[in-house]
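Asks: Just to be clear, the model below is a prediction. Sequence and coordinates:
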Amino acid sequence: PGHGVTAVAHPNIALIKYWGKRDERLMIPYVDSLSMTLDIFPTTTTVRLAPGAPADSLTLDGSPAEGEVRRRVVGFLDLLRERSGRSEPAVVDTHNSVPTGAGLASSASGFAALALAGAAAYGLDPDRTALSRLARRGSASASRSIFGGFAVCHAGRGTGAAADLGSYAEPVPVPDFDPALVIAVVDAGAKAVSSRAAMRRTVETSPLYRAWATSGKTDLAEMRVALRRGDLDAVGEIAERNALGMHATMLTARPAVRYLSPATVAVLDGVLRLRSDGVPAYATMDAGPNVKVLCHPADADRVAEAVRGAAPGCSVFTARRGPGARLTGEAE
Ligand code: PMV
């Protein structure tokens, strides 16, 4: 018995990517990143303390969570117990409205919702910055889903406690920029290589990694200017080159990590055709074959149609900027 606390968070898609951790335990990224939180695919998580229970109990979309997912969630609950000086196990019930582990940012919305609900359940009261830092310990991209709209995640400096303190996300206010993101799900299956393993291999073996990380600094500075101007073409061009560069680092890892499939490339060709037809559209891809296309909201239907034509059978969703993580009040 006892009350649960429920939180909702949405995924985010990075326009300037994070790829590679300089501290895997503390989940500190090597590079700064910048994202847009979506208004679709929310994760809803309820956390209830269970003083008499022998262990934490976790369900994901109604089924018991096992293996790596369970290990990561229990590790996160251990951190909440350490911070709160409490020892009760928890019952965690999570519902994702997006396929888990398919490069569609389920870990971002998942750990943002868990951080918010879990902190409340264990009686912690972090401010938004502390909450973002906390969510980062679950998944670095989750630090950005604490905030709505656009958010930048600082990689921070130094090591240990200093690095932990310096790595968090904060909102990037962009009142005049409200693009659409057309999401082409060409394959909803779980990825073959986890992003954690792929990042490690890329950082350790790709000769392009440092060059990409360095050019990402320029990308981020230019992205901030483009966002402030509400310049979709500039935002799109920078996002597309930053994402392709990230995938180039993976392709040059040894052995190569290749998330992009023939259907991904077909959608990228479709995006190029749209541009040559005068429709501003720009692509970004994460740790999976699915493509997210940035465009003007007025062009979203045309872009969706082009994407469907390029990759028959894919599912297409259109997102706009969405809200930050929030508590929904006391659950039953
Ligand atoms: O979900 P994570 O924290 O394992 O990282 C995935 C990182 C990318 O989605 C590929 C890029 C990003 O910045 O979100």
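Replies: Yep, it's here.

Asks: mind listing the strands in the stretch 51-200 of the chain by residue range?
Replies: 57-60, 63-64, 90-96, 150-153, 169-171, 180-185 (DSSP state E, counting those that start in this stretch).

Asks: Pull out the buried positions in stretch 110-128.
Replies: 110-122, 124, 126, 128 (16 or more other Cβ atoms under 10 Å). In short, each C-beta sits where N, CA and C put it, glycine included.

Asks: if we can go back for a sec, of the strands of the stretch 51-200 of the chain, which is nearest Val73?
Replies: Among the strands of the stretch 51-200 of the chain, strand 57-60 comes nearest to Val73, with 5.4 Å by Cβ to Cβ.

Asks: which residues are contacting that closest one?
Replies: Applying Cβ atoms under 8 Å, 6 or more residues apart in numbering, the contact partners of strand 57-60 are 50, 64-65, 69-70, 73-74, 89-94, 96, 100.

Asks: Val73 contacts Val92, correct?
Replies: Yes - Val73 sits in contact with Val92 when judged by Cβ atoms under 8 Å, with a separation of 6.3 Å.

Asks: Looking only at neighbour counts, state which of the two leads.
Replies: Val92 (27 against 23; other Cβ atoms under 10 Å).

Asks: What pLDDT is listed against that one?
Replies: Per-residue pLDDT puts Val92 at 98.

Asks: so what's it bridging to?
Replies: Val47, Leu58 (DSSP bridges).

Asks: I'd say it and Asp56 touch.
Replies: Yes - contact between Val92 and Asp56 holds when scored by Cβ under 8 Å: they sit 6.9 Å apart.

Asks: that older thread, tell me the one among the buried residues of stretch 110-128 nearest to the ligand.
Replies: For those, the residue nearest the ligand by Cβ to the nearest ligand atom is Phe111; the value is 8.2 Å.

Asks: What residues does the closest one make contact with?
Replies: Per Cβ under 8 Å, 6+ apart, neighbours of Phe111: Phe76, Ala135, Gly138, Ser139, Ala142, Ser145.

Asks: which among those residues are in contact with the ligand?
Replies: Among these, proximity to the ligand is found for Ser139 (Cβ under 6 Å from any ligand atom).

Asks: Now pLDDT and neighbour count too, for the contacts of Phe111, in CSV please.
Replies: Listed next are these as CSV, based on pLDDT from 0 to 100; neighbours: other Cβ atoms under 10 Å:
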residue, pLDDT, neighbour count
Phe76, 98, 24
Ala135, 98, 33
Gly138, 97, 24
Ser139, 96, 25
Ala142, 98, 32
Ser145, 98, 34
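
Asks: ok so, going back, what do Val73 and Val92 both touch?
Replies: Asp56, Leu58, Leu114.

Asks: For burial, what's the neighbour tally of the second one?
Replies: Other residues within reach of Leu58 by the criterion other Cβ under 10 Å amount to 20.

Asks: which residues do Val92 and Asp56 both contact?
Replies: Joint contacts of Val92 and Asp56 (Cβ under 8 Å, 6+ apart) are Val73, Leu77.

Asks: Next, see if the helix or strand Ile238 falls within gets close to the ligand.
Replies: Assigned by DSSP states H and E, Ile238 falls within helix 232-251. No - remark: helix 232-251 sits outside contact range of the ligand, by Cβ under 6 Å from any ligand atom, the gap being at least 6.8 Å.

Asks: next helix or strand past that helix?
Replies: helix 262-276.

Asks: contacting residues for the residue of the chain most remote from its centre?
Replies: Largest separation from the mean C-alpha position in the chain: Gly52, at 34.5 Å (Cα atoms, centre = their mean). Not one residue lies near Gly52 by Cβ under 8 Å, 6+ apart.

Asks: swap in Arg83?
Replies: Shown in contact with Arg83 (Cβ under 8 Å, 6+ apart): Tyr122, Leu124.

Asks: cool, and the one 4 residues further on?
Replies: Shown in contact with Ser87 (Cβ under 8 Å, 6+ apart): Arg81.

Asks: Just the CA trace of stretch 42-56, in PDB.
Replies: C-alpha atoms of stretch 42-56 as PDB (Å, rounded to 0.1, in the frame of the first residue of the first chain):
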ATOM      1  CA  PRO A  42       5.300  10.400 -23.700                       C
ATOM      2  CA  THR A  43       6.500   8.000 -21.000                       C
ATOM      3  CA  THR A  44       4.400   7.800 -17.800                       C
ATOM      4  CA  THR A  45       6.100   6.400 -14.700                       C
ATOM      5  CA  THR A  46       4.700   5.700 -11.300                       C
ATOM      6  CA  VAL A  47       7.000   5.100  -8.300                       C
ATOM      7  CA  ARG A  48       5.700   3.800  -5.000                       C
ATOM      8  CA  LEU A  49       7.800   2.800  -2.000                       C
ATOM      9  CA  ALA A  50       7.300  -0.700  -0.800                       C
ATOM     10  CA  PRO A  51       8.900  -0.900   2.700                       C
ATOM     11  CA  GLY A  52       8.200  -4.600   3.200                       C
ATOM     12  CA  ALA A  53       9.200  -5.800  -0.200                       C
ATOM     13  CA  PRO A  54      12.300  -8.000  -0.700                       C
ATOM     14  CA  ALA A  55      13.500  -6.100  -3.800                       C
ATOM     15  CA  ASP A  56      12.600  -3.400  -6.300                       C
END
